[in-house]
Each structure stands twice: as C-alpha cells, then as structure tokens.
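# I would like the atomic coordinates for the input below:
(one chain, ligands or ions: 1)
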Amino acid sequence: MVTAALAEAVTHPAAGAALDIEQVSHAFDIDGTELPVLSDVSISVEPGEFVALLGPSGCGKSTLLRLVAGLDKPRAGRLREDESRIRSPHPSRVVVFQDPTLFPWRSVWDNVALGLEAQGILKSQRHRVDDALDLVGLASFRNAYPHQLSGGMAQRVALARALVNDPKILILDEPLGKLDSLTRITMQAELVSLWQRKGFTTLLVTHDAEEALVLANRVIVFSDRPARVKADIRVDRPYPRHRGDPYLADLRRQILGLLGLDATW
Ligand SMILES: Nc1ncnc2c1ncn2[C@@H]1O[C@H](COP(=O)(O)OP(=O)(O)OP(=O)(O)O)[C@@H](O)[C@H]1O
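Below is the predicted model:
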C-alpha cells in the first residue's frame, strides 16, 4: 500500500520548477497495435534553463514536445507548467517547428501578428509584433512576403511569431534542421542571445550533439523507442561557447557513445 507521504513525494512537482514532466508514458495505437513511445520519463526544468533533447530518430522526442505544448495528453503521468497541470495549448508555451509554415498570402508582419490575432488582442498590442521583429533582426522586412525570404529569414519569422506571445517556455523542434551549415551557426548564436535577453525556459530537440552543446546548459539523452531518459548532462560552460573547447569535445564523445556512435573527431 502506498502511504500518503510517499504518494505526496511521488506526485508533488519539484518546488520552483518551470516545467515538470512526471513519470510520463505515452503510446500510439496503430491499426489496433500498441506502439509504446515514451516510458516513465521524468524531467524537472528550472526557470530559464536551456535544455536540449537528443535521441535516436523516432524514439519519441517530438511526441514529448507535443505533450509539453498541450497538443496531446499522455497515457500516464503528468506535465505541469509552474505547478499548473498542462491540459491544452497556451500562449505561455509555444512551439517552433523545423518547417516555418508561414502563410504565403500574408506579409511578414501579418504572419507574426497571428498569435495575437488568435487571442483577440492584436488591436491593443500591435507594438509587440514590431518588438518581436526587432528581436529577430527583421524589422526592415515587415512588409515582405514569405517567397521573398531566405530559409534563415523564414525561420526567424517563425521565431518572431512564437516570441510575440512572450512565452515562458519556448519549445523548439529542430528549428534549424533544414538550414545550411553557415546560416545554422549564425542562428545558433542568435538563439543564445535571444534566450539570454528574454530569459525564457527553452526545450530544444536536435539531432546534432554539437548544436546541443553550443546552446544548452543541460542535455538529456534518450534511449531508443520507447524513449527513457538515459542521461541528464549539465553543460557547465559560459556563453558564447567555443566549438573547439576540449570540455565540450569530451561531452560530445560521451553523448555520441550513449547514442551508440563512435566519435572519430
Ligand atoms: N500521431 C501519431 N500516430 C501514430 N504514431 C505516431 C504519431 N506520432 C508519432 N508516431 C510514432 O511515434 C514514434 C515517435 O515519433 P516522434 O516523432 O516523437 O520521434 P522523434 O524522436 O521526434 O523522431 P525524429 O528524431 O526522427 O524526428 C515514431 O515511431 C512515430 O512513427
């Protein structure tokens, strides 16, 4: 029998956590067959932490982000933001996906305004659209249309569309995955700078161990599906990080080892 004290210890969120993922398991039903995707995942994220999630392809990372966003409900366990149960999407938790998914018939400004429009507060809060565009360095492109933007610029617009909500938790699902390597490095630096200025809690799914180590102050490595937390690694290095830093190179080797890969450089 579970005592009241033990039940409390198991179910009570970590004090002061911005996000608590508690014993979450999830599965999908595919043609009557159960596909387990997440297995007993517990992660407590402090306010302002930048947490990178790494794991084998298909292990369940995006599924976990969808649960945090409130887009799906877990089969078991709980998710809490600031101690309140996550049951549905909320502007305080916004997702940026790999594909910027801009509306081609709307200008940059109008695309960014979408979040405020959906909440019915655009009229009184128009300055927030300009602020968000300023933050991502696209103020001068406010009247441009998506087809006039490079891939990096389109992704900046997607980021501005998320930031206009002034989120407490920014959820990034491989947002730089489709960019060329130079744009990607530039945007990694911009992301760190944005995060440092705005202080939002960040969850980033990436396939790139180096990206995780340049950006995050914590890296969580998942197992194969169903994803379990295999390692929770603190990256104790100031920003900006240096890609040649031997400390980061050593962590990268450890992470790739956990993923079953041999780091040859
Ligand atoms: N809506 C869904 N219905 C059925 N199965 C799904 C659904 N969404 C995801 N899956 C399955 O769940 C598993 C985990 O998918 P998920 O996208 O979370 O993995 P991932 O770790 O983000 O993958 P990747 O790194 O390749 O993007 C996959 O096998 C996928 O096919």
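# residue 78: which element?
Secondary structure assigned from DSSP states H and E places residue 78 in strand 76-81.
# and residue 178, how far is that from the ligand?
According to CB to the nearest ligand atom, to the nearest Å, residue 178 and the ligand sit 12 Å apart. (Each C-beta comes from the backbone N, C-alpha and C, glycine too.)
# so who does that residue touch?
Contacts for residue 178 (CB atoms under 8 Å, 6 or more residues apart in numbering) come out as 98-99, 151.
# repeat for residue 16
46-47.
# with residue 59 instead?
37, 222-227.
# element containing it, please.
Applying DSSP H and E, one finds residue 59 in no helix or strand.
# hmm, back to that, which member of the contacts of residue 59 is positioned nearest residue 28?
residue 37 (6.1 Å; CB to CB).
# SS state for that closest one?
Following DSSP: H, G, I helix; E, B strand; the rest coil, residue 37 is assigned to strand.
# distance of it relative to the ligand?
5 Å.
# so that residue sits right up against residue 227, yeah?
Yes: in terms of CB atoms under 8 Å, residue 37 counts as a neighbour of residue 227; the distance is 6.9 Å.
# before we move on, the earlier item: from the contacts of residue 178, which land in helices?
Using DSSP state H, the subset of the contacts of residue 178 located in helices is residue 151.
# which among the contacts of residue 178 gets closest to the ligand?
Taking CB to the nearest ligand atom as the measure, the ligand lies nearest residue 98 of these, at 8.5 Å.
# and the residue nearest to residue 150 when sequence neighbours are not counted, how far is that from the ligand?
Distance criterion CB to CB, 6 or more residues apart in numbering; nearest residue to residue 150, sequence neighbours excluded, is residue 183 at 7.5 Å. According to CB to the nearest ligand atom, residue 183 and the ligand sit 20 Å apart.
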